[in-house]
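Enquirer: Sequence and predicted structure below; questions after.
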Amino acid sequence: MDKTTLAAMALLFHTMGLESPTRFRDVNKLVTALIKSRTKQPMKRQRPMPVNAFVELFDQLGPNNQLHLRDLRMKAITLLALCAMTTPSDLAPKGKVFKPEDNSSSTMPILVHEVIF
């Protein structure tokens, strides 16, 4: 099964007036896995990512109740990214901060130079 087969299936379901199962993320993941399983060269396992750098970074930042909002946000997003096995920029590329004092909001993007691993 390949992407061409998926396109044909989607067209068939569309023609029949039915919702295509190819729209679901799990189906696409299954197809991708099937395609990768037919490759000649086996996929190599990655070494576990060392977390020492993150532990040291969080130790340098200090206690949460003494952190500036930007640093606390970066710390929370980095921890979430580690748990979800994604990148911080995937989780919060364009964050917004609400200021209750004047009912305004401003953007707080994560810039590349702020993310240090």
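Expert: Structure's in. What do you need?
Enquirer: which helices and strands sit right next to the longest helix anywhere in the chain?
Expert: The longest helix of the chain (DSSP state H) is helix 69-84. The contact analysis (3 or more C-beta pairs under 8 Å, 6 or more residues apart in numbering; DSSP states H and E) places helix 69-84 against helix 52-61, helix 88-91, strand 104-109. All C-beta spots, glycine's among them, are computed from the backbone N, C-alpha and C.
Enquirer: Quick one: mean pLDDT for the second one?
Expert: Here helix 88-91 scores 62 as its mean pLDDT.
Enquirer: which parts of the longest helix of the chain are buried?
Expert: 73-75, 77-78, 81 (16 or more other C-beta atoms under 10 Å).
Enquirer: Just the C-alphas of that helix, formatted as CSV.
Expert: Provided in CSV are the C-alpha atoms of helix 69-84 (Å, rounded to 0.1, in the frame of the first residue of the first chain):
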residue,chain,number,x,y,z
LEU,A,69,7.0,34.7,33.3
ARG,A,70,9.0,34.1,30.1
ASP,A,71,11.5,31.8,31.8
LEU,A,72,8.7,29.9,33.6
ARG,A,73,6.9,29.4,30.3
MET,A,74,10.0,28.2,28.6
LYS,A,75,10.7,25.8,31.4
ALA,A,76,7.1,24.4,31.3
ILE,A,77,7.1,24.1,27.5
THR,A,78,10.5,22.4,27.6
LEU,A,79,9.4,19.8,30.2
LEU,A,80,6.2,19.2,28.1
ALA,A,81,8.3,18.8,25.0
LEU,A,82,10.6,16.2,26.7
CYS,A,83,7.6,14.2,27.8
ALA,A,84,5.8,14.4,24.5
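Enquirer: tell me the angle it makes with helix 52-61.
Expert: 160 degrees (axes from the mean of the first three to the mean of the last three C-alpha atoms, to 10 degrees).
Enquirer: Might you list the low-confidence residue ranges for the chain?
Expert: Residue ranges of the chain with pLDDT under 70: 1-3, 38-43, 46, 87-96, 108-117.
Enquirer: Let's see that with 80 instead.
Expert: Counting by pLDDT under 80, the chain contains low-confidence ranges at 1-6, 9, 22-23, 27-28, 30-51, 81-82, 84-100, 106-117.
Enquirer: Right, I'll call it a day here.
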